[in-house]
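**Student:** Please find the sequence and the predicted model below.
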Amino acid sequence: MGIDLPLLWAIIILFGVFMYVVLDGFDLGIGILFPFFPDKEERDVMMNTVAPVWDGNETWLVMGGAGLLAAFPLAYSVILDAFMLPLIFMLLGLVFRGVAFEFRFKASEKRRHWWDKGFIAGSICAAFFQGVTLGGFIDGVHVIERTYAGGPLEWVKPFSLFTGLGLVIAYALLGCTWLIFKTDGKLQQNMIRIARPLLLAVLAVVGAISLWTPLTHPEIADRWFTLPNLFYFLPVPVLVLLATWAIWRLLGKQPNAGPFLLTLCLVFLGYSGLGISVWPYIIPPDITIWDAAAPPQSQGFALVGALLIIPLILMYTAWSYYVFRGKVRPGDGYH
């Protein structure tokens with residue numbers, strides 16, 4: 001029995017995208033939270049919690065995109081055509097945010113506020129258009145004869161815009177719980193104070209998307225609510241509610257890493273739920289991972305490189321976070 005290369009590549013790409021969402025999620029979340037914390041010292045601490053590691057996070061985004069091109073060139077072509085504008089806006093946000101991140105520490109007091117605004121705008125822009133792309137993908141892509149047949153603004157729909165807003169809120173919660181984990185004192189208490197409203201907002205977004213998708217897509221409703229699938233997938237919403245309750249409970253104590261780890265669980269469960277809704281379609285609602293797969297020889301050749309480089313990226317990422325573990329306090333600096 002041979003290896004199912006399209007399935008293996010789908011797992012690799014999903015893993016890469018998930019790693020990006022997790023690692024860059026709280027990073028972008030810090031920029032989204034910036035407007036609520038105008039104090040310079042607090043902003044310095046917030047940025048210094050990710051300063052040593054933030055620039056490695058995009059590695060996972062590049063890996064996911066390169067894997068999609070190598071293993072599923074049809075999907076790469078169609079997705080790029082369908083979501084060209086939001087992907088460009090997302091990349092512009094990431095670039096502008098990165099420039100603002102670096103120059104903020106070197107700017108004079110008089111000009112620093114411009115780089116702060118750039119950091120905020122870049123973070124919100126990148127997060128929002130990631131969510132818009134995700135929403136448009138779930139909503140389905142119009143394909144005729146293996147070619148994108150929609151217009152350049154096909155992604156401008158209420159559902160896509162709502163998922164964009166939802167991802168901004170989710171990243172803000174990730175950033176908030178990350179800062180609870182990495183800071184102490186007044187800044188940590190401020191983060192604990194805003195974590196609960198953000199948690200409720202994320203739960204509301206998850207609930208709205210969970211209702212919206214099956215109501216507008218009968219095939220997704222069949223996937224979730226027909227037997228025996230209902231029993232197989234019921235643990236996902238149950239675990240979401242349990243994780244939300246556990247975060248709420250921990251925030252009432254003296255939290256440290258717990259809320260952040262549980263928020264990662266929430267993100268994983270949301271990611272899993274979206275995956276269940278569209279599987280096995282790599283271009284919903286018609287093209288599966290097997291339909292879009294490159295020739296086995298191409299996938300096998302690229303797989304060798306992927307299996308060599310992924311452990312290196314994982315080791316580098318783990319080592320970076322290990323070296324810069326511990327709390328970040330005023331006066332600490334990595335620039």
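**Tutor:** Ah, there it is.
**Student:** Toward the C-terminus, what is the element adjacent to the longest helix belonging to the chain?
**Tutor:** The longest helix of the chain (DSSP state H) is helix 185-216. Later in the chain than helix 185-216, the nearest helix or strand by DSSP states H and E is helix 218-225.
**Student:** Could you check that next one and say which residues are buried?
**Tutor:** For helix 218-225, a neighbour-count test (16 or more other C-beta atoms under 10 Å) marks Ile220, Arg223, Trp224 as buried. Backbone N, C-alpha and C define where each C-beta goes, glycine included.
**Student:** So which residues make contact with that helix?
**Tutor:** Outside helix 218-225, the residues that touch it by C-beta atoms under 8 Å, 6 or more residues apart in numbering are Thr213, Pro214, Leu215, Asn229, Leu230, Phe233, Ile276, Ser277, Val278, Pro285.
**Student:** So the first one sits against Ser277, correct?
**Tutor:** Going back to what we said before, that points to Thr213. Yes - using C-beta atoms under 8 Å, Thr213 makes contact with Ser277 at a distance of 5.9 Å.
**Student:** Please state the offset of stretch 86-106 from the chain centre?
**Tutor:** Relative to its chain's centre, stretch 86-106 lies at 16 Å (C-alpha atoms, centre = their mean, to the nearest Å).
**Student:** Let me know the average pLDDT across it.
**Tutor:** Stretch 86-106 shows a mean pLDDT of 86.
**Student:** Ok, stretch 46-65 next?
**Tutor:** So the average pLDDT for stretch 46-65 ends up being 82.
**Student:** Check the offset of that stretch from the chain's centre.
**Tutor:** So, by C-alpha atoms, centre = their mean, the centroid of stretch 46-65 is 12 Å from its chain's centroid.
**Student:** now swap in stretch 116-131 and tell me
**Tutor:** On C-alpha atoms, centre = their mean, the centre of stretch 116-131 falls 13 Å from that of its chain.
**Student:** what do you get for stretch 191-201?
**Tutor:** 19 Å.
**Student:** how about that stretch: buried residues?
**Tutor:** Met191, Ile192, Ile194, Ala195, Leu198, Leu199, Ala201.
**Student:** re the thing from before, what's the angle from the longest helix of the chain to helix 218-225?
**Tutor:** Orientation check (axes from the mean of the first three to the mean of the last three C-alpha atoms, to 10 degrees): helix 185-216 against helix 218-225 gives 110 degrees.
**Student:** Quick one: mark the members of the contacts of helix 218-225 that sit in strands.
**Tutor:** Residues of those located in strands (DSSP state E): none.
**Student:** List the residues that contact Ile289.
**Tutor:** Pro6, Leu7, Trp9, Ala10, Phe72, Pro280, Tyr281, Ile282.
**Student:** can you rerun that using 10 Å?
**Tutor:** 4-7, 9-11, 13, 71-72, 75, 279-283 (C-beta atoms under 10 Å, 6 or more residues apart in numbering).
**Student:** any idea how far Leu308 is from Ala302?
**Tutor:** 11 Å (C-beta to C-beta, to the nearest Å).
**Student:** Same question for Ile309.
**Tutor:** Note on Ile309: its distance to Ala302, by C-beta to C-beta, is 11 Å.
**Student:** overlap in contacts of these two?
**Tutor:** By C-beta under 10 Å, 6+ apart, the residues touching both Ile309 and Ala302 are Ala66.
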